[in-house]
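1. the amino acid sequence is not available; the structure is as follows:
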């Protein structure tokens with residue numbers, strides 16, 4: 001397993017060139033970003049190579065899968081994102097599914113998500129890139145979002161039935177939504193393609209709240225997971241100092 005750092009939650013809007021060297025020096029081998037819309041891809045490609053960093057994941061540009069009228073735009077955006085991902089050496093794209101649509105039964109919105117992901121699957125499989133679908137909590141951060149529970153999300157992934165469509169299990173969001181982290185993760189590990197990490201409450205540093213990180217990380221490691229664990233938390237003190245402290249803590253928790 002490898003820890004990646006989400007640069008945008010730490011340094012949103014700041015130029016990436018001076019940040020990446022410091023992030024590498026602290027001990028990270030990978031980063032992830034929320035999207036490419038405000039990013040110079042030439043610069044990012046150059047700086048990743050210069051600093052020996054991998055781009056673990058970035059957010060797809062079109063994501064409202066609940067709305068079947070948006071599927072054509074989603075596939076168009078996905079194909080452009082795949083091209084960028086291959087150029088940047090990135091193997092994962094992140095998607096959300098959109099806000100719940102008023103007046104449309106949940107079953108129809110679920111069918112729309114599955115249909116949209118099935119349309120995306122052949123392009124992902126051909127490119128050998130994985131799209132990870134992210135449930136979000138509706139209790140604190142994302143009221144009105146359609147997909148919050150991991151059990152419903154795993155059923156969607158099973159229905160799509162593609163090796164290149166998996167779940168992004170955000171440990172913060174799922175602790176807020178449902179808890180039972182270790183069982184939900186280990187029973188479904190083959191369907192998980194990426195993790196995000198932050199503590200509850202506050203979405204701050206792991207170790208600042210209620211989650212037993214040693215037990216959770218050891219369970220993930222024992223499950224055979226070999227992907228990325230993305231640090232996507234809001235630092236409560238200096239960002240560089242915080243990320244260094246957290247990286248040291250999480251690595252020691254896995255020993």
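-> Done, it's in. Predicted model only: the values in this text are computed from it and were never measured.

2. going forward, measure contacts and count neighbours with C-alpha atoms only.
-> Fine.

3. pretty sure residue 65 contacts residue 100?
-> No: with contact defined as CA atoms under 8 Å, residue 65 does not reach residue 100; the gap is 10.3 Å.

4. can you give me phi and psi for the closest residue to residue 165 other than its chain neighbours?
-> Leaving out its chain neighbours, the residue that sits closest to residue 165 by CA to CA, 6 or more residues apart in numbering is residue 131, at 5.0 Å. With angles defined as degrees, to the nearest 10, residue 131 sits at phi -100, psi 120.

5. and the helices in the stretch 1-150 of the chain?
-> Secondary structure of the stretch 1-150 of the chain (DSSP state H, counting those that start in this stretch): helices located at 7-11, 17-26, 41-51, 71-88, 106-127, 150-160.

6. can you say which of those is nearest to residue 206?
-> Proximity to residue 206 (CA to CA) singles out helix 7-11 among the helices of the stretch 1-150 of the chain, at 14.4 Å.

7. farthest from the middle of this structure: give me that residue.
-> residue 103 (29.2 Å; CA atoms, centre = their mean).

8. can you pull the contacts of that residue?
-> Contact analysis of residue 103 by CA atoms under 8 Å, 6 or more residues apart in numbering lists nothing.

9. repeat for residue 244
-> By CA under 8 Å, 6+ apart, the residues touching residue 244 are 26-27.

10. who's residue 55 bridged to?
-> With DSSP bridges applied, residue 55 shows beta-bridge pairing to residue 31.

11. roughly how far does it sit from residue 30?
-> 6 Å (CA to CA, to the nearest Å).

12. and residue 161, by the same measure?
-> Residue 161 is 28 Å from residue 30, by CA to CA.

13. neighbour count: those two, which is higher?
-> Neighbours were counted for residue 161 and for residue 30 using other CA atoms under 10 Å; residue 30 has more, 23 against 16.

14. check what pLDDT that one gets.
-> pLDDT recorded at residue 30 is 98.

15. residue 51 is in contact with that one, correct?
-> No: under the criterion of CA under 8 Å, residue 30 makes no contact with residue 51, lying 10.0 Å away.

16. among residue 65 and residue 100, which residue is more densely surrounded?
-> More neighbours surround residue 65 than the other of residue 65 and residue 100, with 25 against 18 (other CA under 10 Å).

17. how about the contacts made by that one?
-> 71, 74, 96-98, 112-113, 116-117.

18. rerun at 7 Å
-> 71, 97-98, 112-113, 116 (CA atoms under 7 Å, 6 or more residues apart in numbering).
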